[in-house]
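Peer 1: Sequence below, structure please.
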Amino acid sequence: MLPNGLSTPGSKVLPAPQNFDHFRKNFSRFYLGTERENTPTCAPKRNPAIEMADIAVPKNRGFPDFKQEYDKCLDFLKGFKSESGGFKYMNALQSVANREQATIEIEIDDIKDFKDDLDFSSNVANNAHTYTEMFSKAIDVLMPEADKQVDLDVHDVLQNHRMNNAVEGGAFAEEVVTPPELTRRYHVRMIPESTAKRIPLRQVKSAYIGSLITIKGIVTRMSNVTPKCTVATYLCETCGHEIYQIIKSRQYTPLFTCPSQVCQQNGNNGRLFPQTRGSRFEKFQELMIQELPEEVPVGNVPRSITVYLNGELTRKCNPGDILTVKGIFLVQPHKGYKAIRAGLRAETFIDAQQIVSHKKNYHNLDLTSQEIREVKKMARDPDVFRKMANSIAPEIFGMHDVKKALLLLLVGGVTRKMGDNMRIRGDINVLLCGDPGVAKSQLLKHITKIAPRAVYTTGKGSSGVGLTAAVIRDQSTGDMTLEGGALVLADMGICCIDEFDKMDEADQTAIHEVMEQQTVSIAKAGITTTLNARTSILAAANPLFGRYKTDRSIEMNVNLPTALLSRFDLVFLLLDKADQDRDRQLAEHVAHVHMFNKHPDLDFTPYSAKIMRAYISKCKETTPFVPDSLVEHIVSHYVMMRQNNGQRKSGKSGENSRQSFCTPRSLLSILRFSQALARLRLADKVSRADVEEAIRLQWMAKADAMDKKAEEQEMGGVQSVIFHLITDFLRPKKDGKVSMADLQNHITVRGYKQQDLEECIETYEHFEVFKVGRNRNTIQLV
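Peer 2: Reported below is the predicted structural model:
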């Protein structure tokens with residue numbers, strides 16, 4: 001025979017005492033770790049302070065004695081001291097009483113250190129949901145009074161009103177007790193041990209139900225923040241009692257008849273009216289976490305799990321973020337008609353206790369003191385541009401100019417917003433086009449590791465909906481909602497698209513708006529909206545004919561429309577040419593990487609991805625502008641580019657149409673690259689060297705497609721080619737006169753040496769074709 005009127009199997013059922021309901025509620029809550037959901041209570045009633053003496057736990061079941069466990073909770077909250085010597089949790093309770101904080105985080109490490117009670121800490125970690133309620137009850141008992149003036153809210157006013165009505169009706173104030181869930185102004189959160197290992201999402205099984213676990217994944221879907229009712233308050237029109245319904249699940253059935261003792265004795269079915277102001281609501285948000293791509297076995301589908309966020313944990317992340325979630329693994333049984341269809345199956349979820357976002361935006365990075373010192377040291381280095389560029393995938397041989405372009409893509413230009421809300425993008429788009437086997441995909445993968453927010457996808461496996469946004473039906477509410485695609489998930493980041501040429505033509509049209517306006521316009525299923533897609537696009541494409549043909553234009557080689565190609569600020573052509581010296585160096589580099597599992601030693605220590613993110617975040621704080629002194633230089637170069645492009649199209653130039661087209665977007669590309677270079681110097685103004693480097697990168701992007709030897713043979717040698725370049729550069733100038741520095745930049749960016757230029761000038765100066773100034777700082781066409 002069990003205490004308090006319970007019977008063992010086979011024995012006679014004895015009448016239960018009057019406090020059986022109280023015993024049953026506490027027994028199920030503390031002994032089994034569960035509680036009857038949606039339990040109605042009415043006020044006034046007796047004080048529901050925990051009378052643990054009423055609970056008798058059988059000694060032969062192996063369960064902990066919850067009376068002792070509750071005493072340990074009280075002792076821990078009152079007696080634990082931090083390293084500074086203060087009472088950590090009592091000070092936190094005082095802050096809650098003063099309305100200064102709303103979350104009390106109880107760390108398992110503290111429980112473990114307190115009196116070295118390993119059994120108690122293990123019980124809390126393995127049955128966290130039950131102990132959360134137990135700690136909440138203990139906090140209700142220990143909660144101090146506010147020691148300063150606090151502002152009253154609606155629940156304070158209603159509670160005072162209840163007490164006044166009870167006193168007028170002859171009841172004592174201490175007898176007027178509302179459910180503690182209605183008056184609590186805090187959330188108790190359990191934080192796992194700092195040494196607890198992260199569990200792969202695929203390994204989360206039923207053995208972890210009720211326990212604290214730590215998982216890591218990427219946010220694929222996020223619901224809106226909605227109010228969740230935790231305590232529903234009703235008012236009876238017959239007896240005037242307030243009825244409270246404790247709600248523990250997402251769905252509940254409202255009460256319609258009054259369960260108070262007055263209505264039951266009189267035989268009245270008093271109607272209940274819900275009181276919204278008197279009910280308790282908290283913020284609620286649902287996430288869908290998917291396992292990381294590197295943890296998915298080959299040939300398997302990524303697994304997902306639902307995460308519930310409550311209170312202050314909401315609005316802490318965005319779709320596409322990589323999170324570490326620490327929470328309690330629980331089961332949500334189906335109800336109603338769903339329970340009939342589900343049978344024995346139930347949904348699982350994680351009640352989040354703490355979330356940590358790993359990949360944040362550059363503006364949200366929290367730099368340590370060590371990182372700040374390293375950033376200041378890098379800012380003083382005049383060679384930081386070369387070192388940071390070569391720190392990008394040092395295992396890949398050569399490709400220095402490509403890495404410089406990718407570094408500038410990470411930094412980006414300055415986004416300009418006009419007075420009429422017109423927006424000129426500052427993000428840089430780059431297309432890597434070339435022969436197979438030149439490490440295009442490896443560069444894309446490495447960029448996703450450096451950027452704090454990046455999405456990698458392939459053109460063949462991505463549809464237009466997968467890149468922009470899809471309209472889906474929310475399972476919980478039944479409403480049509482939008483789920484962002486790769487471009488929306490990469491907002492304020494980088495979207496890497498491999499096999500860009502394999503995309504269907506219908507899917508390519510979805511990218512046009514993103515690459516220039518940086519928005520995604522949706523008009524589907526009655527939803528008409530515009531989503532932000534402020535992302536830089538890094539794409540890789542293979543030639544249409546297997547290998548790049550230098551006698552054809554880029555449009556014909558890549559099979560991409562001109563309207564799409566013109567939206568790329570830089571189209572880098574990577575050709576695999578046979579060169580004995582270069583091939584030997586490449587083979588030695590690859591052999592070294594495979595032998596020693598690291599890249600060959602450089603003349604400096606490569607920067608880590610974390611340090612590069614820190615420095616780029618510092619660079620993005622500057623907004624450099626183009627001074628008036630450089631406007632004429634940029635304009636004249638653009639005009640010359642247009643002129644050369646027109647000559648190639650009309651066939652008046654010796655060059656064929658191997659190079660790219662030139663549109664007004666090319667001028668904006670020069671400005672973006674110049675601003676990115678100025679940002680790397682942490683400068684507020686663009687210099688002439690920045691503009692020249694931007695022009696050089698644009699020229700070197702197409703240098704591989706130009707057959708210099710054939711051109712030199714056709715025009716009579718290197719000096720003849722340089723002579724034509726000099727004359728084409730001098731003719732548009734006033735009086736045919738320019739500075740020698742401008743001419744040197746113009747020739748060297750095209751891949752010719754300084755020595756060849758000087759020999760050409762000396763030769764034609766002898767024939768009085770050129771006139772050089774006395775200090776050899778100017779040159780003029782005679």
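Peer 1: separation between Arg688 and Gln370?
Peer 2: When CB to CB, to the nearest Å is applied, the distance between Arg688 and Gln370 equals 36 Å. Placement of C-beta: from N, CA and C, glycine included.
Peer 1: who's more crowded, these two?
Peer 2: More crowded of Arg688 and Gln370, by other CB atoms under 10 Å: Arg688, with 16 against 10.
Peer 1: these two touch, right, the more buried one and His633?
Peer 2: Yes: Arg688 sits in contact with His633 when judged by CB atoms under 8 Å, with a separation of 6.9 Å.
Peer 1: Over to the residue nearest to the spatial centre of the chain: give its phi and psi.
Peer 2: To find the centre residue of the chain, average its C-alpha atoms and take the closest one (CA atoms, centre = their mean): that gives Asp321, at 2.7 Å. When quoted as degrees, to the nearest 10, the phi and psi of Asp321 stand at phi -70, psi 150.
Peer 1: doesn't Ile218 make contact with it?
Peer 2: Yes: taking contact to mean CB under 8 Å, the distance of 7.1 Å between Asp321 and Ile218 places them in contact.
Peer 1: Please, which helix or strand holds Val331?
Peer 2: strand 322-332 (DSSP states H and E).
Peer 1: Which positions in the helix or strand just after that strand come out as buried?
Peer 2: Following strand 322-332 in sequence order, the next helix or strand is helix 337-342 (DSSP H and E). Applying a neighbour-count criterion of 16 or more other CB atoms under 10 Å, one finds nothing buried in helix 337-342.
Peer 1: So for helix 337-342, mean pLDDT?
Peer 2: The average pLDDT within helix 337-342 is 72.
Peer 1: Just the C-alpha atoms of that helix, please, in CSV.
Peer 2: Listed in CSV are the C-alpha atoms of helix 337-342, where the atom choice follows Å, rounded to 0.1, in the frame of the first residue of the first chain:
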residue,chain,number,x,y,z
TYR,A,337,-7.0,14.0,-35.3
LYS,A,338,-3.2,14.1,-35.9
ALA,A,339,-2.7,11.6,-33.0
ILE,A,340,-5.0,9.1,-34.7
ARG,A,341,-3.0,9.3,-37.9
ALA,A,342,0.4,9.4,-36.2
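Peer 1: Surely Cys263 is in contact with Cys236?
Peer 2: Yes: taking contact to mean CB under 8 Å, the distance of 6.6 Å between Cys263 and Cys236 places them in contact.
Peer 1: okay, and the common contacts of those two?
Peer 2: Overlap between the neighbourhoods of Cys263 and Cys236 consists of Gly270, taking contacts as CB atoms under 8 Å, 6 or more residues apart in numbering.
Peer 1: end to end, how far does stretch 238-247 reach?
Peer 2: Chord length of stretch 238-247, first to last residue, is 24 Å (CA to CA, to the nearest Å).
Peer 1: can you give me the strands for the stretch 201-350 of the chain?
Peer 2: For the stretch 201-350 of the chain, applying DSSP state E, counting those that start in this stretch gives strands covering 212-222, 226-236, 242-246, 272-274, 280-290, 304-310, 322-332, 347-357.
Peer 1: would you turn these into TSV with mean neighbour count and distance to Val296?
Peer 2: Below are the strands of the stretch 201-350 of the chain laid out as TSV (neighbours: other CB atoms under 10 Å; distance: least, CB to CB, whole Å):
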stretch	mean neighbour count	distance to Val296
strand 212-222	20	11
strand 226-236	19	31
strand 242-246	23	41
strand 272-274	17	46
strand 280-290	19	9
strand 304-310	19	11
strand 322-332	20	14
strand 347-357	19	19
